[in-house]
Structures are given as C-alpha cells and as structure tokens.
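> Show me the folded form of this:
(chains A, B, C and D)
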Protein chains: 2
Amino acid sequence: MEPGHTAVTNTQLHEPSRCQIVSGVLARIGDKWSVLVVMQLGAGSRRFSELKRAIGSISQRMLTLTLRGLERDGLVTRTVTPSIPPRVDYELTELGRSLLDPVQAIGSWAIGNHEKITVAQQAFDARGD
Amino acid sequence: MEPGHTAVTNTQLHEPSRCQIVSGVLARIGDKWSVLVVMQLGAGSRRFSELKRAIGSISQRMLTLTLRGLERDGLVTRTVTPSIPPRVDYELTELGRSLLDPVQAIGSWAIGNHEKITVAQQAFDARGD
DNA sequence: CTGGATCCCAAATGATACTG
DNA sequence: CAGTATCATTTGGGATCCAG
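As a prediction, the model looks like this:
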C-alpha cells in the first residue's frame, strides 16, 4: 500500500474521533476555492495571474488567501522570481499531488451525477410548491 | 464502467465548464456538515436524534437544514412515522450511497495526512513569526 | 421527538483603492 | 504583476422559543 494511503477500513471512518479529523481537514480544503485551485495546479505549475484567469470568478483577494492557506498546509509551494514585473509561480507539493486522487474522484462523481441532482432538486421543489 | 462513473479523463477535469460543475456540486456538499451526515448515514438508516447525538457539535437547526438540502439533492430519503412522539428516519438513496466512495477516499486521505498538514502548518507559522 | 420561526452575531467573501 | 488594506455586504450558524 502506498504511503499517504494508510490502511483505514471504511467501517472505521464514522468513529467519532476519526470524524473529527475528517471534519477538520474538510473545513480547510472544503472551502469555496481550495479544490478549484488544487485542480488547476494538478495540470502543472501556474503563476498567480494564470490561476486567476483560469478560475475566473475568484477575486484577487480570495485567490491570495486561498493560496496562502494551501501553502501553509504544505499543499503548494510559492516561488517568487524578483523580476519587473514580479512573477510568482505556484506548484503542488508531493502532499498536494497526493490530494489530487481523492479530489478527482469527487470531481468525476460531480460531473457524472450533477444532472441527477438537478433533476432531484426540481422534483423536490415541484412537490413543495 | 459503472453507471454514475461516466468516463471523464483526469485531463478534462480542469476545463472551465467542468470546473464550474464540480464547483457547484462542491458548494453544495462541501459545507460544514453534509459530508459528516452522509458518512453517518453510510452506516445505515438513522433517526434525527441519533444523527444529532452522533455528530455532537451540530445544532438542531443546522442538522435540519443539512438534511433538507441532502433530501432536495436526492441524496437522502426522509421517512416519517406518525407516532407519538413522532419518529423520522433518514437513509441514503442510491445516489447518496454512490457518493460514499469518493467521500471515503477524502476521509482516508484526511486521516492519513492530517499529521503532515499539522507539521507543515507549524513550520509555516514558525517561519512567518 | 422533530422541526419551524426569529433574532443575532461572527466569519467569509466581494469591491475597490493603493503599493513595491 | 502580485499583492495588501479597508470597507461593505452576504452568509453561516448558534440560541431560543414555539408547535404538532
């Protein structure tokens, strides 16, 4: 079994103590932007403005904050090239890349099922009037 | 390949349009409680008060709201037994159970790596003073 | 027991202006 | 270009009370 993929049986996963850990990590990477940024960086190193353009709807402020958080968690590295104009590149660390697998699992699920969700929502809203 | 696991290559996953879908789904199930509730229900049907006790820190209000959201998205069913006192059971739908796999992948990653994250945070905070 | 309705506070985010 | 600082706004979520 790979490092970073410690043996944890699924039945252990809803034990209270484990849940708190999962909850904590989720509170961190489960915000509005982190996963989007990680997915972008999954394609390779990107500079600040590239990320901003790729994600589009994110504000400069939130991109900065998100990147700081990810850097603090050891998921991305920040490389400054002191040129004029300055250039800052972000890249996933090994830990960050290891996150890519579960994130892509969620991504695939989302793409495969968002339609069903939309249908369910419409049905629910129709019932409720 | 299984239904609900549509072929989506990982390289497609950071295309803008796909990202928006992933972002949307994540905004829904990526809140503070949904995943916790789904994980609890992964162990089987539970009634309202059982969920509340199992999760512990959640308020009555947020549990209600979270369950409504999950029900609306077609991820859980709500079954009312009109007894006195009333009894309401929640259970994952097939769609909800299909979400369990990627969620558990995240959970396993979280449990396997939260220590590294803590270490990285401490190192970051120490550098920054 | 379940959960709706209110009130209220804290945190998250956006908009904008400014700087090396 | 890549931020920082500030302000305004929205949102999340707890507390409490009430009802079937």
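
> so the residue nearest to the spatial centre of chain A is in which element?
Nearest residue to the geometric centre of chain A (CA atoms, centre = their mean): residue A:35, 1.6 Å. If you go by DSSP states H and E, residue A:35 is part of helix A:34-41.

> which helices and strands does that helix pack with?
The criterion is 3 or more CB pairs under 8 Å, 6 or more residues apart in numbering or on different chains; DSSP states H and E, and the helices and strands that helix A:34-41 contacts are helix A:16-29, helix A:48-55, helix A:60-72, strand A:76-81, strand A:87-92, helix A:94-128, helix B:16-29. Just so you know, the C-beta spots here come from the backbone N, C-alpha and C atoms, and that holds for glycine as well.

> my guess is residue A:31 is in a strand, correct?
No. Assignment of residue A:31 by DSSP: H, G, I helix; E, B strand; the rest coil gives coil, placing it outside any strand.

> how about the nearest residue to it, chain neighbours excluded?
residue A:66 (7.3 Å; CB to CB, 6 or more residues apart in numbering or on different chains).

> What separation is there between the one you found and residue A:32?
Going from residue A:66 to residue A:32 by CB to CB, to the nearest Å gives 8 Å.

> With residue A:59 instead?
Residue A:59 is 11 Å from residue A:32, by CB to CB.

> which of those two has more neighbours?
Neighbours per residue, other CB atoms under 10 Å in any protein chain shown: of residue A:59 and residue A:32, the larger number sits with residue A:32, 14 against 11.

> residues in contact with that one?
A:62, B:23, B:27, B:30 (CB atoms under 8 Å, 6 or more residues apart in numbering or on different chains).

> In the lowest-mean-pLDDT helix or strand in chain A, which residues are buried?
Ranking every helix and strand in chain A by mean pLDDT, DSSP states H and E puts helix A:16-29 at the bottom, with a mean of 83. Within helix A:16-29, the residues scored as buried using 16 or more other CB atoms under 10 Å in any protein chain shown are A:18, A:19, A:21, A:22, A:23, A:25, A:26, A:28, A:29.

> Quick check: end-to-end length of stretch A:77-92?
Chord length of stretch A:77-92, first to last residue, is 6 Å (CA to CA, to the nearest Å).

> returning to that earlier point: show me what the least confident helix or strand of chain A is packed up against.
Packed next to helix A:16-29, using 3+ CB pairs under 8 Å, 6+ apart, are helix A:34-41, helix B:34-41, helix B:94-128.

> Against which helices or strands is the last one packed?
Spelled out, that is helix B:94-128. Packing contacts for helix B:94-128, counted by 3+ CB pairs under 8 Å, 6+ apart, involve helix A:16-29, helix A:60-72, helix A:94-128, helix B:34-41.

> and it, anywhere near DNA strand D?
No. On the criterion CB under 7 Å from any atom of the strand, helix B:94-128 is out of touch with DNA strand D, staying 10.2 Å away.

> where are the low-confidence patches of chain A?
A:1-12, A:16, A:129 (pLDDT under 70).

> what residues does it put near DNA strand C?
Counting by CB under 7 Å from any atom of the strand, chain A sits next to DNA strand C at A:31, A:32, A:33, A:57, A:58, A:59, A:60, A:61, A:62, A:65, A:85, A:86.

> Please list which of the residues you listed also come close to DNA strand D.
Counting by CB under 7 Å from any atom of the strand, the members of these near DNA strand D are A:60, A:61, A:85, A:86.

> Farthest-apart pair in those, please.
Maximum pairwise distance in those, criterion CB to CB, is 19.2 Å, between A:61 and A:85.
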